[in-house]
Every structure is written in C-alpha cells, then in structure tokens.
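Colleague: no sequence on hand, only this structure:
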C-alpha cells in the first residue's frame, strides 16, 4: 500500500492535500487519500509551463473574447479557472462540516500590505465555488484581514507563515471573527480556517542566517526548526480551543511528513514529495505528540530569528521577518513570470 494512503487510513484525522492545482497531480493524490489541494502564483506558473498544451486554446479564446483586457486580467482568469477546475474534482468529497474537499486560491501577493484589498478579493474568490479556501499572507495587514474575512464567512488559509508566533496571531484573529458572527447569530459550522507553517522555508532561512552570521549550529537541529514551530503552535491551538487547524507546507525532507503523523492537522505535500514518500518503507506511526529534542531547541536558540519564530514576535514584526519578505518576493516573481507567459499570447512577433 502507498504510504500516504496507509497514513490516511490509520490516522484519518491527519489529512493531506495536494500542493498543486494540476489536475494530473491532484488525481494522483486523491487516489492515495488526499482530501484537498492548494495553489499559489509560483505553482500556477509551474502548472502552466508543464501543461501549456492543455491551456493554450483556452487562453487564446480568452484573449479573443476579451480584446481590451489587460495581461493581468487574463492571468487572473487563468488562475481562477485552475482553481475552479480543481474545486470540481474535489467536490464529490466536499464536506464543509469537517473541511474536506476544499481547494485554496491565493490572493494577489501585491496586496500584502493592504487589508482592504485582501478582504475584497477574498470575498470575491469565495463565490467561485462552494469549496473554495482563500489564502492570504500572514503580514500585519493579513492578520487584520483574517478577522474580517472570517466574519464575512470565508474559510481562510493563512500563508507566508513560518512561525508559531504567526500561527498564534492567526488563530486569535479567526476567533475574533467567529465571535463577531456568533454575536449576530450567524452559523460558523461550515467555516474551516487553516494556518500554514512553511516548515522547509523556515529551515532554509535559518541555515542561510547561520552561515551569514558565522554561527555554528548542529546541522541536525536545522532540520527541526519548522517542525518545532508546528508542534508548538499545534499544542497551543489545542490548549486554547482554536477552530483553526494547523497546516504544514514547503517540504524538504521526510521528517516534515513523519513527525506530524497522528496529529489532527493537514499536510499540503507537493507531488514531487508524494511519489518518494509513497514508495518508502517508513513505519507509519503517530509521532505528533513527540517533543523535539530539547538539545535541538537549545541549538536553534543560537539564531535570533528562531527565537522570534518559536517564542516571541509582534504582529508588526511579521512585516520585517526575513522569510516573509523573501517568500513575498518569490511569489510576486512567480506571478510576474505567469504574466509573461500570457503576454506571449497577446503580443506576437
């Protein structure tokens, strides 16, 4: 049996999503127990590059039907189509009471500092399909937006998040939105918020930081920074009874899968990781409640950015946190590359 399917059968509370809107990859994942999908500008660009033959007629027709539309407008039509197509594939397993069968669509990265624009786009995306989940970055503006999005009935996915401190702020913002709804007698039973921690990206950032600052850290510890932040946030979520579920993303090693098995949470795993995971001989057993070795935590505390991620960081500091800015830049670059693909259809030499 494929290992991810074995995991979902042994531990149904540990759910996994396909980290892509590719129909081919999502089909593979669904056959092995996946119950959701997610996307972002970099992923959409990658899918379009790999599967352009499947989309070129659609894009050509879009341009013909919308002769005065900008390249950005066409790009967003393509982004929305990919999300809606994925939503249709997931609809048979959609259950809004537990959150299965949703696909995440990401707001415009360029709105990272504008809560009003994030909210406006999220509310619109929520109308595209009944099983939409809306991603927005965990910046100070994003935290403000998450409360309002939740209040307006949107199931949010807080992305561009790398830390327990960001995750806690997300959980609290969602609770404020839910309480406002409750005060007005609105139903919260079909709202399924999640908060992403991009485990591999935090590890990457801390590894670079250690090298740049000439700080010697046990290299094994650097594989556990993101894992430690997820486990800390998960524990706090459970203690405080947040409705938001933890979600792990940005996979680098099997540890970032194995260490979360048994948790009441979600893993969004890229296809390129699913295939080797499925073919592995790892034992599928519960590890979520296993604490990260205190020695590793001690080693990681040598790095100031780990202390921020694990222990204490204000909402205002989210906007200057290194991995936040690096990822925002990469997401914006991925969107720019996507627009360049569309431009080639619109301006032909």
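Modeller: Received the coordinates, thanks. If you're wondering where the values come from, they're calculated on a predicted model, not measured in any experiment.
Colleague: what's the weakest-modelled helix or strand in this protein?
Modeller: Lowest on mean pLDDT, DSSP states H and E among the helices and strands of the chain sits helix 41-50, with a mean of 89.
Colleague: quick one: distance of that one to the chain centre.
Modeller: 16 Å (C-alpha atoms, centre = their mean, to the nearest Å).
Colleague: beyond that helix, next helix or strand please.
Modeller: helix 52-65 (DSSP states H and E).
Colleague: pull the residues that contact the helix or strand just after that following helix.
Modeller: Per DSSP H and E, the first helix or strand lying C-terminal to helix 52-65 is helix 71-90. For helix 71-90, the surrounding residues in contact (C-beta atoms under 8 Å, 6 or more residues apart in numbering) are 21, 23, 26-27, 30, 35-37, 39, 41, 44, 47-48, 55, 58-59, 62-63, 66, 69, 101-103, 105, 125, 128-132, 335, 338-339, 342-343, 345-346. Glycine gets a C-beta too; all of them are placed from N, C-alpha and C.
Colleague: mind checking pLDDT for the residue nearest to residue 231 when sequence neighbours are not counted?
Modeller: The shortest distance from residue 231 to any non-neighbouring residue, by C-beta to C-beta, 6 or more residues apart in numbering, is to residue 292 (6.3 Å). According to the prediction, residue 292 has pLDDT 98.
Colleague: my read: residue 292 touches residue 224, true?
Modeller: Yes: in this structure, residue 292 is within contact of residue 224 by C-beta atoms under 8 Å, at 5.1 Å.
Colleague: give me the more crowded residue out of the two.
Modeller: residue 224 (23 against 19; other C-beta atoms under 10 Å).
Colleague: which intervals of this structure have sub-threshold pLDDT?
Modeller: 349 (pLDDT under 70).
Colleague: in the top helix by length along the chain, what counts as buried?
Modeller: Of all segments of type helix in the chain, defined using DSSP state H, the longest is helix 322-346. Using 16 or more other C-beta atoms under 10 Å as the test for burial, helix 322-346 gives 323-324, 326-328, 330-332, 334-335, 337-339, 341-342, 346.
Colleague: likewise stretch 190-207?
Modeller: Result for stretch 190-207 [16+ other C-beta under 10 Å]: buried residues 191-207.
Colleague: could you pull out the strands for the stretch 101-250 of the chain?
Modeller: 102-106, 132-137, 156-159, 194-198, 245-249 (DSSP state E, counting those that start in this stretch).
Colleague: what packs against the first one?
Modeller: Spelled out, it's strand 102-106. Applying 3 or more C-beta pairs under 8 Å, 6 or more residues apart in numbering; DSSP states H and E, we find strand 102-106 packed against strand 36-37, helix 71-90, strand 132-137, strand 156-159.
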